[in-house]
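all I have is the shape, not the residue letters:
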């Protein structure tokens with residue numbers, strides 16, 4: 001049972017209810033678990049998942065279809081872990097989000113930590129057990145089968161992965177590689193196109209690789225660990241073979257998987273990994289990226305959970321948006337580490353689409369309060385999901401990736 005790897009996590013959860021109750025914070029307040037907020041059942045919360053794990057480990061429970069249904073109702077947004085950080089909310093009260101983000105890094109330099117119970121890891125490990133036992137939801141079995149066959153989750157031919165590059169004459173070899181990712185390659189191709197045009201416009205020499213496979217994140221979130229490892233090892237070997245020195249991705253999922261998950265399977269990576277917002281912020285500060293056309297819009301930014309809470313990337317996307325002439329950047333509260341999940345993550349959009357839409361709809365009133373006409377994000381999955389959410393809500397708010405706004409301002 002893979003869950004044995006998380007035995008300590010299941011034991012140290014003290015069932016304090018922080019992951020299910022509202023917590024006052026400088027960003028307003030939390031509604032901690034987006035699934036729990038909709039369903040109001042304990043087995044949909046981190047505390048409930050950890051309890052299930054505890055009883056699975058001591059033999060009181062056995063895996064079943066009912067348990068699988070519980071553990072797959074999670075967006076893996078990590079809000080539960082955010083409030084589980086010891087003294088985290090006290091730090092936020094004293095110094096706001098910057099202090100809360102900075103302190104763990106400072107303590108880490110001295111060998112200390114403020115680690116929460118890794119409740120997301122517990123869920124993902126239980127999902128891996130469900131895969132081993134044949135209890136994975138059918139929708140995710142199809143995703144995994146597509147990745148095994150086509151190296152992408154959309155049942156699209158691998159030969160079409162770089163079809164969006166036709167006419168762009170993008171090199172296939174360079175020190176910097178744009179890791180396009182499956183979503184931008186097959187679904188939200190405007191993000192791939194805008195990313196490519198921005199890099200060229202900024203004078204960055206880069207390549208795209210026909211041999212790129214799925215980053216593995218959708219598989220790891222769903223419990224398909226073995227298939228994910230095959231994808232990861234292939235990609236790492238390919239990048240080593242091409243002697244890549246810098247990898248750039250415009251996908252929050254991809255950035256998290258490459259930075260955090262790949263080294264677990266393939267060891268230390270011999271190249272720098274950047275989310276495109278980090279590279280764009282760097283290029284703007286160095287004067288290498290010229291934003292010349294005004295975009296006179298009131299814009300609010302949605303923090304993707306896996307880019308923000310999990311990877312701590314908050315400032316760079318905001319710096320990029322703020323640098324665009326005419327853009328008035330307004331925050332949707334709660335924001336940054338307290339930002340509400342869009343609802344699409346963790347495979348929930350595949351297994352429980354109505355629940356995923358309901359979670360996204362819960363954020364719509366907060367977005368409307370800003371008066372924004374544009375909702376910007378830096379994750380293809382968030383963009384696609386919010387387009388559906390706002391269409392259902394009949395709200396005329398435009399949803400754009402930050403790369404699209406930058407490309408528009410550059411005139412490329």
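All right, it came through fine. Note that this is a predicted model, so its numbers are computed, not measured.

residues contacting residue 322?
residue 329 (CB atoms under 8 Å, 6 or more residues apart in numbering). Where you see a C-beta, it was placed from the backbone N, CA and C, and this is true even at glycine.

tell me the SS of it?
Assigned with DSSP: H, G, I helix; E, B strand; the rest coil, residue 322 falls in the helix class.

would you mind measuring from it to residue 370?
Distance, residue 322 to residue 370, using CB to CB, to the nearest Å: 15 Å.

just residue 76 next, same as before
26 Å.

between these two, which one's more packed in?
residue 76 (26 against 18; other CB atoms under 10 Å).

skip the chain neighbours and tell me the closest residue to the more buried one.
Of all residues not flanking residue 76 in the chain, residue 346 sits nearest, at 3.7 Å (CB to CB, 6 or more residues apart in numbering).

now swap in residue 363 and tell me
residue 340 (4.8 Å).

contacts only, for the one you found.
31, 34, 334, 362-363, 366 are the contacts of residue 340 under CB under 8 Å, 6+ apart.

okay, now the domains of this structure?
2-132, 157-285, 298-410 (automatic domain parsing).

would you turn those into TSV with distance to residue 149 and mean pLDDT?
Output for these, formatted as TSV (distance: least, CB to CB, whole Å; pLDDT from 0 to 100):
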stretch	distance to residue 149	mean pLDDT
domain 2-132	17	85
domain 157-285	9	98
domain 298-410	17	97
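
out of those domains, the one nearest residue 291 is which?
When the domains of the chain are compared by CB to CB, domain 298-410 sits nearest residue 291, at 4.3 Å.

can you pull out the strands in the stretch 301-412 of the chain?
Under the criterion DSSP state E, counting those that start in this stretch, the stretch 301-412 of the chain carries strands at the ranges 328-330, 374-377, 398-401.

with the stretch 151-300 of the chain instead?
176-178, 206-207, 246-249, 272-275, 298-301.

circling back: compare the domains of the chain and give me the one nearest residue 148.
domain 157-285 (5.7 Å).

give me the distance between the two termini of that closest one.
Distance between the two ends of domain 157-285: 40 Å, counting by CA to CA, to the nearest Å.

how about stretch 261-274?
14 Å.

before we move on, what about stretch 64-76?
Termini of stretch 64-76 sit 21 Å apart (CA to CA).

how about residues contacting it?
For stretch 64-76, with CB under 8 Å, 6+ apart as the criterion, the contacting residues are 34-35, 39, 43-44, 48-49, 52, 56, 61, 120, 123-124, 126-127, 130, 135-137, 140, 221, 305-306, 341, 343-348, 351-352, 355-356, 359.

picking that back up, among the strands of the stretch 301-412 of the chain, which is the most enclosed?
strand 374-377 (a mean of 24; mean count of other CB atoms under 10 Å).

now for it, which elements pack on it?
strand 298-301, helix 380-392, strand 398-401, helix 402-410 (3 or more CB pairs under 8 Å, 6 or more residues apart in numbering; DSSP states H and E).

need the residues that contact the last one.
The set of residues that contact helix 402-410 without belonging to it, under CB under 8 Å, 6+ apart, is 190-191, 193-195, 197-198, 201, 250, 276-277, 280, 289-295, 299, 301, 317, 320-321, 324-325, 327, 374, 376-378.

now the buried members of the residues you listed.
190-191, 193-195, 197-198, 201, 250, 276-277, 280, 289, 291, 295, 299, 301, 317, 320-321, 324, 327, 374, 376-378 (16 or more other CB atoms under 10 Å).

how near is the residue most central in space within the chain to residue 362?
The residue lying closest to the centre of the chain (CA atoms, centre = their mean) is residue 306, at 3.0 Å. Separation of residue 306 from residue 362 (CB to CB) stands at 19 Å.

check the burial of residue 412 by counting its neighbours.
With other CB under 10 Å as criterion, residue 412 counts 15.

right, and it touches residue 200 too?
Yes. With contact defined as CB atoms under 8 Å, residue 412 counts as touching residue 200 (7.4 Å).

and residue 198, what does it touch?
Here residue 198 is in contact with 276, 280, 289, 403, 406-407, 410, 412 (criterion: CB under 8 Å, 6+ apart).

how about 7 Å then?
280, 403, 406-407, 410, 412 (CB atoms under 7 Å, 6 or more residues apart in numbering).

now swap in residue 381 and tell me
183, 253, 344-345.

could these go into CSV alongside neighbour count?
Formatted as CSV, those follow (neighbours: other CB atoms under 10 Å):
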residue, neighbour count
183, 24
253, 26
344, 28
345, 28
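
okay, and which of those map to helices?
Among the contacts of residue 381, the members found in helices (DSSP state H) are 183, 253.

tabulate the contacts of residue 381 (TSV), appending distance to residue 154.
Converted to TSV, the contacts of residue 381 look like this (distance: CB to CB, whole Å):
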residue	distance to residue 154
183	8
253	14
344	15
345	17
